[in-house]
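# coordinates only, sequence not included:
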């Protein structure tokens, strides 16, 4: 997919952060946007910004953990726009908790959004992407889909799972000869709302945690969007976003399982 003019792009979690930045980037390139978020106002604001940029855009309220809702959303978008060319399963949440103490409720929540949300979106839209004759599927994993980190076991599990299903799906599309590219994205620290919306923040201080995260997050959503769009144009299987993503991608390949000792030492100091 070298150009996006006239192409229909579907983006979940588009109310802020990478999702909104992607929507605006694609709007500037002439794409038609179907943007969704669990937050009604955020989704509508993103659509309005895309329209202001001269693009056709519709907003949808969507909980990606709800399978039936995602299936209906895929049919609705296909009906509203006539086809689907690009799908970005971007919606995601964060949870900070030791595995031994995390609640079943929090575990179900993060798996529902981060893993099942990606699976729901991929399964629901894949027939439409194949039908388009020029489709691309983008699933957002994380650098924590490359390495494991203390207090992030549940988040790690979902992001490793996203990586696995996406890499397998890319191979399946090629083996079947379907005209669908598939990319897995591994962002490093991006200045988004994910830390503010996270569960399990120590001392119930989401704003403080967000400020600490912002200090180490070196990549803007706009820069991340440019990297992802370029990766789609190049049909990259793995898209690394930010210099820290390249570093963390290399860590386990250079050190093997010994990387865990280094990460544990850094985490102990930080915590």
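Sure thing, it's come through. This one's a predicted model, so the numbers in the text were calculated from it and none came from an experiment.

# Helices along the stretch 1-150 of the chain, start to end?
Ranges of helices in the stretch 1-150 of the chain, per DSSP state H, counting those that start in this stretch, are 17-28, 40-52, 67-81, 104-110, 117-132.

# Name the single longest strand found in this protein.
In the chain, taking DSSP state E as the definition, the longest strand is strand 180-187.

# now for that strand, which elements pack on it?
Other helices and strands packing on strand 180-187, by 3 or more CB pairs under 8 Å, 6 or more residues apart in numbering; DSSP states H and E, are helix 117-132, strand 135-140, helix 153-176, helix 221-233, strand 238-241, helix 243-255. To be clear about C-beta, it is placed using only N, CA and C from the backbone, and glycine gets the same treatment.

# Name every strand pairing with that strand and say which way it goes.
Within its sheet, strand 180-187 is paired with strand 135-140 (parallel), strand 238-241 (parallel), according to DSSP bridges.

# Out of those strands, indicate the one that is most buried.
Ranked by mean neighbour count, the strands paired with strand 180-187 are led by strand 135-140 with a mean of 25 (mean count of other CB atoms under 10 Å).

# what is the mean pLDDT for that strand?
Taken as a whole, strand 135-140 has an average pLDDT of 98.

# what's that strand in contact with?
Strand 135-140 is contacted by residues 1, 18, 84-90, 92, 118, 122, 125-126, 128-129, 162, 165-166, 169, 178-185, 187, 228, 232, 235, 239 when judged by CB atoms under 8 Å, 6 or more residues apart in numbering.

# repeat for stretch 77-88
1, 4, 7-12, 19, 22, 26, 31-32, 34, 58, 60, 74, 121-122, 125, 128-129, 131-132, 134-138, 140, 228, 232.

# could you flag which of those are buried?
1, 4, 7-12, 19, 22, 26, 31-32, 34, 58, 60, 74, 121-122, 125, 128-129, 132, 135-138, 140, 228, 232 (16 or more other CB atoms under 10 Å).
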